[in-house]
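Visitor: Structure, please.
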Amino acid sequence: MHYFCVYHERRILDNSTEAREHCKPIPNDLLATHIISAVSFGIDVVIVLQVPADDQTAERIDVALKKIQTQWKNSSDISHSIEDDVNILEKITLTKIYSNLIRITKMTSFIEICQFIDRNKQKINEYCPIEYTLQPIEWLYPDTVSSYPSYLPLDKIYIDKFEKHLIEILNSYKQISDLLEYYSNQILPDYLKELLVEMESEYRSLQVLYESGILRLTTLMMEIHSGQANVDEIDPALEHYDQTIFKAYIQIILKKLMLIIEEIQYVNSSQPEKLKYNQFSETEINQHVMEQMLECQIATEKQSDDEIFSNDQVLDNK
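Guide: Numbers count the residues shown, from 1 in each chain. Model (predicted):
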């Protein structure tokens with residue numbers, strides 16, 4: 001479920017000449033290409049819900065959610081709907097929240113989120129920015145001679161390649177993260193908890209590979225945009241050994257994790273017996289993989305002084 005509502009906006013004057021009178025002069029060596037001319041404030045919430053497997057219960061939850069969604073669209077008070085459906089809404093078993101408001105992201109109850117939104121509709125101070133409007137810097141300062149570097153756009157075919165590759169590895173990476181988070185919060189026998197702790201340790205090693213790979217691909221993207229690299233380097237980069245190792249390591253961890261989950265489900269459905277899960281030995285993880293993980297970790301540490309941003313700019317903190 002997605003709730004998005006703008007309650008307040010701050011913007012500079014629409015007339016650039018009048019707006020310039022209220023703005024400070026800019027330095028001649030400015031590297032910026034755009035200015036923020038407006039900021040919108042409000043609430044933006046994406047709520048991911050997991051409902052029980054029972055079809056009748058899931059259908060009743062769908063009806064209650066559609067009722068709330070309709071009232072949100074009509075800017076109506078939803079408190080009565082929540083009171084009427086509180087028993088069925090409490091059957092939602094898992095809630096994940098993504099929002100521009102940190103307070104909301106820490107909530108774990110769908111009802112709590114709804115009540116918060118309903119309570120704070122008119123409290124402008126509660127809201128954080130959700131949208132920024134950009135204008136070319138020449139709009140405000142037409143005489144500006146910017147010395148920013150050239151930007152070469154990528155053809156759609158290369159963008160699609162990057163996107164497909166990144167979505168694939170992110171989905172696998174997130175799958176492991178979500179499974180570990182979900183099952184680690186359950187009440188389990190000690191031997192299963194110990195196995196999950198071991199998996200969390202392996203997941204941290206996986207993070208090293210993931211972050212190193214993302215950093216390398218981000219750097220390549222920036223170099224292509226700036227003309228320092230060629231698009232011919234994209235295919236070899238996507239088939240680079242760190243990407244291959246990352247995918248292989250994901251499959252190893254997933255295989256182990258699914259065996260543990262099978263054991264958890266077996267324990268939850270019957271009397272616990274001796275562990276059926278046979279632990280993998282460290283030798284099953286190729287030594288070459290471990291060596292490359294160490295190299296990736298070293299490379300990541302060397303680049304700890306650099307911050308990579310989604311706008312393809314590198315900020316050197318040295």
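Visitor: what residues go with each domain of the protein?
Guide: If you go by automatic domain parsing, the domain ranges for the chain are 2-140, 156-316.
Visitor: how about those domains in TSV, adding mean pLDDT?
Guide: As requested, the domains of the chain are arranged in TSV below (pLDDT from 0 to 100):
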stretch	mean pLDDT
domain 2-140	79
domain 156-316	73
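Visitor: Let's have these in TSV, adding mean neighbour count.
Guide: Quick note: C-beta positions are derived from backbone N, CA and C, even for glycine. Output for the domains of the chain, formatted as TSV (neighbours: other Cβ atoms under 10 Å):
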stretch	mean neighbour count
domain 2-140	14
domain 156-316	14
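Visitor: need the strands for the stretch 1-150 of the chain, in chain order.
Guide: Assigned strands in the stretch 1-150 of the chain, in chain order: 2-11, 34-50, 94-99, 128-136 (criterion: DSSP state E, counting those that start in this stretch).
Visitor: From the centroid of the chain, which residue is nearest?
Guide: With distances taken as Cα atoms, centre = their mean, the chain has residue 98 as the residue nearest its mean C-alpha position (8.6 Å).
Visitor: Now that one: closest residue in space that isn't a chain neighbour?
Guide: In this structure, residue 98 finds its nearest non-sequential neighbour in residue 46, 4.4 Å apart by Cβ to Cβ, 6 or more residues apart in numbering.
Visitor: ok, that neighbour to residue 3 distance?
Guide: 8 Å (Cβ to Cβ, to the nearest Å).
Visitor: for residue 162, same thing?
Guide: Noted for residue 162: a distance of 31 Å to residue 3, by Cβ to Cβ.
Visitor: swap in residue 179?
Guide: 27 Å.
Visitor: What distance do you get for the residue nearest to the centre of the chain to residue 45?
Guide: Going from residue 98 to residue 45 by Cβ to Cβ gives 7 Å.
Visitor: Ok, residue 136 next?
Guide: According to Cβ to Cβ, residue 136 and residue 45 sit 32 Å apart.
Visitor: How about residue 179?
Guide: From residue 179 across to residue 45, the span is 24 Å (Cβ to Cβ).
Visitor: now do residue 152
Guide: Going from residue 152 to residue 45 by Cβ to Cβ gives 37 Å.
Visitor: And for residue 220?
Guide: Separation of residue 220 from residue 45 (Cβ to Cβ): 35 Å.
Visitor: Ok, residue 246 next?
Guide: For residue 246, the distance to residue 45 (Cβ to Cβ) stands at 32 Å.
Visitor: Same check on residue 108?
Guide: The gap separating residue 108 from residue 45 is 14 Å, by Cβ to Cβ.
Visitor: cool, and residue 61?
Guide: Taking Cβ to Cβ, one finds residue 61 at 18 Å from residue 45.
Visitor: what's the answer for residue 242, then?
Guide: In terms of Cβ to Cβ, residue 242 sits 36 Å off from residue 45.
Visitor: same thing with residue 21?
Guide: 38 Å.
Visitor: And for residue 190?
Guide: 38 Å.
Visitor: which stretches of the stretch 201-318 of the chain form helices?
Guide: Using DSSP state H, counting those that start in this stretch, the helices of the stretch 201-318 of the chain run over residues 234-238, 241-269, 287-302.
Visitor: so how far is the longest one from its chain's centroid?
Guide: A distance of 22 Å separates the centroid of the chain from that of helix 241-269, by Cα atoms, centre = their mean, to the nearest Å.
Visitor: Likewise for stretch 84-97?
Guide: In terms of Cα atoms, centre = their mean, the centre of stretch 84-97 is found 24 Å from the chain centre.
Visitor: cool, stretch 80-91 as well?
Guide: For stretch 80-91, the separation from the chain centroid amounts to 30 Å (computed by Cα atoms, centre = their mean).
Visitor: Then stretch 89-106?
Guide: That offset, for stretch 89-106, works out to 15 Å (Cα atoms, centre = their mean).
Visitor: From the opening residue of that stretch to its closing one, how far?
Guide: From its first residue to its last, stretch 89-106 covers 18 Å (Cα to Cα, to the nearest Å).
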